[in-house]
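Visitor: Below is the sequence, then the predicted model.
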Amino acid sequence: MVRPLMTDVVFLAQNALPATAEDIPVADDLLDTLRAHADGCVGMAANMIGVNKAIIVFDNDGTLCEMFNPVILYRKGLYLTEEGCLSLQGQRKTKRHKTIKVQWQDRAMQTHVKNFTGWTAQIIQHEVDHCSGIII
């Protein structure tokens with residue numbers, strides 16, 4: 001189900017609670033909402049649809065991916081960029097890393113660890129910031 005976007009910065013500034021298998025319907029709604037905004041959005045976190053759980057979804061070169069409880073374990077190659085966000089107006093400058101290593105769980109709550117680079121790494125960093133209450 002496509003959900004309305006959350007724009008309340010007080011809500012968005014909260015740290016997300018850990019996600020569990022009971023939160024799979026939230027991930028489904030998040031994917032539906034991302035698809036509905038595909039013309040101007042490449043990633044979303046659960047707090048963007050009003051759910052304070054550590055779940056992100058993103059477009060990885062044409063394949064939609066989801067991560068439960070993502071944690072960035074390693075960062076390399078700092079650079080300056082500008083980003084927009086569906087939950088906020090305008091563009092903002094921020095720092096990102098070219099390469100990251102992420103640990104997360106899938107919807108079966110199995111743990112994965114993988115390196116990401118470039119644009120996909122930037123998207124993941126933005127969404128993980130959402131889970132940490134960092135407003136970009």
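Guide: Noted; the coordinates are in hand.
Visitor: The protein: helices as residue ranges?
Guide: For the chain, the helices defined by DSSP state H occupy 9-12, 24-36, 118-131.
Visitor: elements contacting the longest strand along the chain?
Guide: For the chain, the strand reaching the highest residue count under DSSP state E is reported as strand 63-85. Applying 3 or more CB pairs under 8 Å, 6 or more residues apart in numbering; DSSP states H and E, one finds that strand 63-85 contacts helix 24-36, strand 55-60, strand 88-105, helix 118-131. All C-beta spots, glycine's among them, are computed from the backbone N, C-alpha and C.
Visitor: could you check the angle helix 118-131 makes with the third one?
Guide: Our comparison of strand 88-105 with helix 118-131, counting by axes from the mean of the first three to the mean of the last three CA atoms, to 10 degrees, yields an angle of 100 degrees.
Visitor: Strand partners (parallel or antiparallel) of strand 88-105?
Guide: The strands beside strand 88-105 in its sheet (DSSP bridges) come out as strand 63-85 (antiparallel), strand 111-117 (antiparallel).
Visitor: quick one on the thing from earlier: right, so the helices and strands packed on strand 63-85: which one is the most enclosed?
Guide: Per residue and on average, the most neighbours among the helices and strands packed on strand 63-85 fall to strand 55-60, with a mean of 24 (mean count of other CB atoms under 10 Å).
Visitor: For that strand, name the packing helices and strands.
Guide: Based on contacts counted as 3+ CB pairs under 8 Å, 6+ apart, the elements that strand 55-60 packs against are helix 24-36, strand 43-45, strand 63-85, helix 118-131.
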